[in-house]
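Enquirer: Show me the folded form of this:
(one chain, ligands or ions: 2)
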Amino acid sequence: MTQQKQKSTNVYWHEASIQKEDRQNLNEHRSGVLWFTGLSGSGKSTLATAVEKALHKRAVRTYVLDGDNVRHGLNGDLGFSPEDRTENIRRIGEVAKLFVDSGVLVLSAFISPYREDRKQVEDLLQADEWYEIYVKCSLDECEKRDPKGLYKKARSGEISRFTGVSAPYEEPENPQLTVETDRYFIEECVDQILDHLRSEAMI
Ligand SMILES: Nc1ncnc2c1ncn2[C@@H]1O[C@H](COP(=O)(O)OS(=O)(=O)O)[C@@H](OP(=O)(O)O)[C@H]1O
Ligand SMILES: Nc1ncnc2c1ncn2[C@@H]1O[C@H](COP(=O)(O)OP(=O)(O)O)[C@@H](O)[C@H]1O
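Expert: Ligands and ions are numbered 1, 2, ... in the order given. Model (predicted):
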């Protein structure tokens, strides 16, 4: 699957009568994207889910977009070649942007291994709507955790192009936040993220 080309012609943008700002005012919080990126098993889903729970308690409208789940539906036609991963992230970016427009705080949990792909998503959003969170964990530790047994399969050759083993992961150069999940407990990482959101006046 290659990068989508614009095929639709004669289409016109329809301006809505209710704008993003109206929805944010109604919700009494800003919308945006917490973009968790990191190796498989680093803790993206665990943290996105735990942070969502904490935000929900504070009456923040949230939605988790998760790699495994989105690949069951919307992106079920995509594999793990570099081109498919790029298209995967491009579509997620567009979906995330719609959620942001709807006034929601999105928590996305995708490996998103390429810097350029993450930058493309960032460019779809306003500066204060984008929070890149690097879920940092050594390959060694991810492999020890191996919650789905995928590293084992990748090492035996049963899965090809596995991130960190036989496919690249490009670390964020300038993330808003780095959480080191091989150094801190889940609760500590969640607190670090919530503290950051507070310092950004997001909550
Ligand atoms: N080859 C290969 N490489 C990496 N990951 C693989 C692969 N094959 C299957 N899986 C499973 O797919 C999940 C990653 O999907 P993503 O959409 O996040 O990947 S990507 O952003 O397009 O790289 C990933 O989920 P997480 O472990 O939660 O990261 C795996 O469960
Ligand atoms: N500090 C931490 N943060 C997140 N997960 C952690 C942490 N410490 C241990 N873990 C464990 O690591 C695993 C991470 O799995 P998961 O969240 O599915 O990762 P990913 O979504 O990045 O593939 C879980 O079993 C989780 O309990």
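Enquirer: if you look at the lowest-mean-pLDDT helix or strand in the chain, does any of it touch ligand 2?
Expert: When the helices and strands of the chain are scored by mean pLDDT, DSSP states H and E, helix 67-70 comes last with a mean of 87. No. Interface with ligand 2: helix 67-70 contributes nothing (CB under 6 Å from any ligand atom), its closest point being 7.2 Å away. C-beta here means a position set from N, CA and C on the backbone, and glycine is covered the same way.
Enquirer: after that helix comes which helix or strand?
Expert: Under the assignment DSSP states H and E, the closest C-terminal helix or strand after helix 67-70 is helix 82-101.
Enquirer: ok, the one residue in the chain that gets nearest to ligand 1 - how many residues close by?
Expert: Closest residue of the chain to ligand 1, CB to the nearest ligand atom: Gly67 (2.6 Å). Neighbour count for Gly67, taken as other CB atoms under 10 Å: 20.
Enquirer: Who are the contact partners of it?
Expert: Listed by CB atoms under 8 Å, 6 or more residues apart in numbering, the contact set of Gly67 reads 44-45, 109-111.
Enquirer: Any figure for the gap between the residue in the chain that ligand 2 sits nearest to and Gly103?
Expert: In the chain, no residue comes nearer to ligand 2 than Gly43, which is 2.5 Å away by CB to the nearest ligand atom. Separation of Gly43 from Gly103 (CB to CB, to the nearest Å): 27 Å.
Enquirer: Which residues of this protein lie near ligand 1?
Expert: Contact residues (CB under 6 Å from any ligand atom) of the chain with ligand 1: 40-41, 44-45, 67-68, 71, 80, 85, 88-89, 110-113, 148, 150, 159, 161-163, 167.
Enquirer: which residues does the most centrally placed residue in the chain contact?
Expert: For the chain, the residue nearest the mean C-alpha position is Ser108 (2.8 Å; CA atoms, centre = their mean). Each residue near Ser108 by CB under 8 Å, 6+ apart is listed here: 33-36, 48, 64-66, 92, 96.
Enquirer: which ones among those are found in helices?
Expert: Among the contacts of Ser108, the ones falling in helices (DSSP state H) are 48, 92, 96.
Enquirer: Just the buried residues of those residues.
Expert: Buried by 16 or more other CB atoms under 10 Å: 48, 92, 96, out of those.
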